[in-house]
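> Build me a model:
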Amino acid sequence: MEQIAGDILQTKYALDTFYFLVMGAFVMWMAAGFSMLEAGLVRSKNTAEILTKNIVLYSIACVMYMLVGYNIMYGDSISSLIPGISFGLGGDNEAAAVLAGGEDAPYYSNLSDFFFQVVFVATAMSIVSGAVAERMKLWAFFAFAIVLTGFIYPVQGMWKWGGGFLDEAGFLDFAGSGVVHMTGAAAALAGVLLLGARKGKYGKDGSVNAIPGANLPMATLGTFILWMGWFGFNGGSELKVSDIAEANATAMVFVNTNMAAAGGCIAALLIARLWFGKADLTMALNGALAGLVSITAEPLTPSPELATLIGAIGGALVVASIITLDTKFKIDDPVGAISVHGVVGIWGLLAVCLSNPDATLSAQLLGIGVIFAWVFITSLIVWAIVKAAVGIRVSEEEEYEGLDVGECGLEAYPEFTQNRAK
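Alright, predicted model coming up:
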C-alpha cells in the first residue's frame, strides 16, 4: 500500500509540475502576441525597434527576476511590508519533500514556480513597451526594464502573492489584474507623462490627429495569440490539476476567460459602432484584451454568463477610456495599453466583489491604491533619473525618420522603403 501511495504522489507531482510548465510556456507565448500587436499598431518605420524591445525586455525580465526579483517576491520577508532578499531558487530535494509531506505538500517545484512567475514579470514590462512606442530611446527603455522587473514589480507582488500585508488585509487578485496589468499601466503612465506625445499627434489648436498603425493583420494575429496565452495566464494560476476539484476549477477558469474576452470584443465593437458609426477593428481588438484583463482578478467564481458581462463592461470601458485619455487629457498611448491594462485592470479588481463572497470593497480599494501609488511614484522617479542622466526621448529628426534606422540601424521593410523612394 505504501508503494501505491508513493506512486500516486509521484504521478501527481509529475502531472502538476508538467501542467505548471506548459501553462508558463503559454504565458511566454504572450510575448509574441504583444510583439505582433504593438508592431501592427505603430508605423512601419518603427517596427524593428518595437520587435527589438519586446524580445530584449523578455530577456531582461528573466535575468533580473532570477537574480533578485523572485527572492524579493517569495523570499523570507523582514515583515509583511518590507521584503527580504535570499539567494537561490529552492533546494534540490523538493520532490522528496512532497513525498514526505503527504496531501498538504505542494505538487510543484520552486523551479517550475519560478518559470511560471517570470513570464508574468515580462508581461508587465511588455505593457510599458506599447505605451511609449515611436519616440522613446531604446537603451533608456532597457534601463527602466531592469529596475521594474528586478525591484518595482517584485515588491508589490510580495505584498499580495508573497503573503504580504495586502494579502493579510484580504485583497484578492487571482491572476494579476492589479499585480501584473495595473502595474504595467501605472509604470507606462509615468513614462508617457515625462516623455510627451509623438510629433504631430496633437495640433496647437487642440486637435487630435490619428496616426494609424501599419499592419492590422499583424495586430489581429497578436490579439489572438494573447487570447490563447491568457488560458495559461489564468489557468496556470490554479496551480494544479491532479484531483477532480482542481481539474473542474481549471475548466471553469478556461471557460470564463474565453467568455470574458468574447464579451469584451462584442461590447467594444458595438460601442465603437454607436460612437463612430463604423466597426472599428482596433477597438474590437482592445475590447477582447479588456475582457481578458477584466476577468483575470477572479476567473473562477463567476458563472460563464457573469464572466461574459464582466468582460463586456471592460470592453465598453476601454473604448471610453481610450477616447477620453486621447482627446481630453492628451495622453498619447499608441496601442491603448494604459486603458486596457490600467483602467480596465481597476475594473477587474472591483468586479471580484460581484462573485467572490470573500471579497470586500475596502480591501480591493486598498490594493488598487497601494499598488498604483507604489508603481507610479517609483516609476516616475526612475524615469526622471534616466531622463536626467541620458535622456528618454529620441531627437525630432530620428522620430521623423523612424526608430528602426536611428536606434537599430536597419528597417523592417527595406524593399518597401526602397521602392517608395524610387
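> which of the residues in the top helix by length along the chain are buried?
Longest helix in the chain by number of residues, with DSSP state H as the criterion: helix 2-41. Residues of helix 2-41 classed as buried by neighbour count (16 or more other CB atoms under 10 Å): 9, 12-13, 16-17, 19-21, 23-24, 26-28, 30-41. Placement of C-beta: from N, CA and C, glycine included.
> what does stretch 260-279 give?
Residues 260-272 are the ones in stretch 260-279 that count as buried (16+ other CB under 10 Å).
> average pLDDT across that stretch?
Mean per-residue pLDDT for stretch 260-279: 97.
> what's the answer for stretch 412-422, then?
Averaged across stretch 412-422, pLDDT comes to 63.
> which residues of the stretch 101-250 of the chain fall in helices?
Taking DSSP state H, counting those that start in this stretch as the test, the helices found in the stretch 101-250 of the chain are 110-131, 138-147, 153-160, 165-168, 183-195, 216-235, 244-276.
> list the helices and strands the longest helix of the chain packs on?
Contacts defined by 3 or more CB pairs under 8 Å, 6 or more residues apart in numbering; DSSP states H and E place helix 2-41 against helix 47-64, helix 94-101, helix 110-131, helix 216-235.
> how about these, which one is nearest Gly184?
Nearest to Gly184, of all the helices and strands packed on helix 2-41, is helix 110-131, at 2.9 Å by CB to CB.
> Show me what the closest one is packed against.
Applying 3+ CB pairs under 8 Å, 6+ apart, we find helix 110-131 packed against helix 2-41, helix 47-64, helix 70-74, helix 138-147, helix 153-160, helix 183-195, helix 337.
> so can I have a markdown table of the ones you listed showing mean pLDDT and distance to Lys278?
As requested, these are exported to a markdown table (pLDDT from 0 to 100; distance: least, CB to CB, whole Å):
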| stretch | mean pLDDT | distance to Lys278 |
| --- | --- | --- |
| helix 2-41 | 91 | 17 |
| helix 47-64 | 97 | 26 |
| helix 70-74 | 93 | 44 |
| helix 138-147 | 98 | 34 |
| helix 153-160 | 97 | 38 |
| helix 183-195 | 98 | 27 |
| helix 337 | 98 | 23 |
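> Nearest to Ala384 among those helices would be which one?
Going by CB to CB, the one of the helices and strands packed on helix 110-131 nearest Ala384 is helix 183-195, 6.5 Å.
> could you check the angle helix 138-147 makes with the closest one?
In terms of direction (axes from the mean of the first three to the mean of the last three CA atoms, to 10 degrees), helix 183-195 departs from helix 138-147 by 140 degrees.
> which residues touch helix 183-195?
For helix 183-195, contacts defined as CB atoms under 8 Å, 6 or more residues apart in numbering pick out 123-128, 130-132, 135-136, 144, 148, 152-153, 156, 331-333, 337-338, 340-343, 345, 371-372, 375-377, 379-380, 383-384, 387, 392-393.
> Now which of these would you call buried?
With burial judged by 16+ other CB under 10 Å, the buried subset of the contacts of helix 183-195 is 123-128, 130-132, 135-136, 144, 148, 152-153, 156, 331-333, 337-338, 340-343, 345, 371-372, 375-376, 379-380, 383, 387, 392-393.
> In the stretch 151-300 of the chain, where is pLDDT below threshold?
The stretch 151-300 of the chain contains no residues with pLDDT under 70.
> Can you give me the distance of Phe144 to Met136?
Phe144 sits at a distance of 9 Å from Met136 (criterion: CB to CB, to the nearest Å).
> shouldn't Tyr178 be in contact with Leu350?
I think there's a mix-up here, since residue 178 is Gly and not Tyr. No: using CB atoms under 8 Å, Gly178 is not in contact with Leu350, being 10.3 Å away.
> list residues touching both of the two?
Shared contacts of Gly178 and Leu350 (CB under 8 Å, 6+ apart): Ile368.
> more crowded one of those two?
Each of Gly178 and Leu350 has its neighbours counted (other CB atoms under 10 Å); Gly178 has more, 30 against 18.
> Check which residues of stretch 294-306 are buried.
In stretch 294-306, the ones that count as buried by 16+ other CB under 10 Å are 294-302, 306.
> which one among those residues gets closest to Leu51?
Thr296 (25.6 Å).
> Any chance of the helices and strands packed on helix 110-131 in JSON lines with distance to Glu407 as columns?
JSON lines is the format used below for the helices and strands packed on helix 110-131 (distance: least, CB to CB, whole Å):
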{"stretch": "helix 2-41", "distance to Glu407": "14"}
{"stretch": "helix 47-64", "distance to Glu407": "5"}
{"stretch": "helix 70-74", "distance to Glu407": "30"}
{"stretch": "helix 138-147", "distance to Glu407": "4"}
{"stretch": "helix 153-160", "distance to Glu407": "25"}
{"stretch": "helix 183-195", "distance to Glu407": "15"}
{"stretch": "helix 337", "distance to Glu407": "20"}
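> For Ile310, which of the ones you listed is the nearest?
Ile310 sits nearest to helix 183-195 of all these, at 18.3 Å, using CB to CB.
> Just want the angle from the closest one to helix 110-131.
Using the same axes, to 10 degrees: helix 183-195 against helix 110-131 is 30 degrees.
> Go through the helices and strands packed on helix 110-131 and name the closest to Pro217.
helix 2-41 (7.2 Å).
> I'd like the distance from the closest one to the chain centre, please.
How far helix 2-41 lies from its chain's middle: 17 Å, per CA atoms, centre = their mean, to the nearest Å.
> got it, and stretch 277-287?
In terms of CA atoms, centre = their mean, the centre of stretch 277-287 is found 21 Å from the chain centre.
> outside of it, which residues touch it?
Against stretch 277-287 from outside (CB under 8 Å, 6+ apart): 37, 41, 213, 216, 219-220, 223, 264-269, 271-273, 314-315, 318-319, 322, 336, 339-340.
> same thing but 7 Å
Stretch 277-287 has contacts (CB atoms under 7 Å, 6 or more residues apart in numbering) with 41, 216, 219-220, 223, 264-265, 267-269, 272-273, 315, 318-319, 322, 336, 340.
> Quick one: end-to-end length of stretch 164-177, please.
Distance across stretch 164-177, first residue to last, is 17 Å (CA to CA, to the nearest Å).
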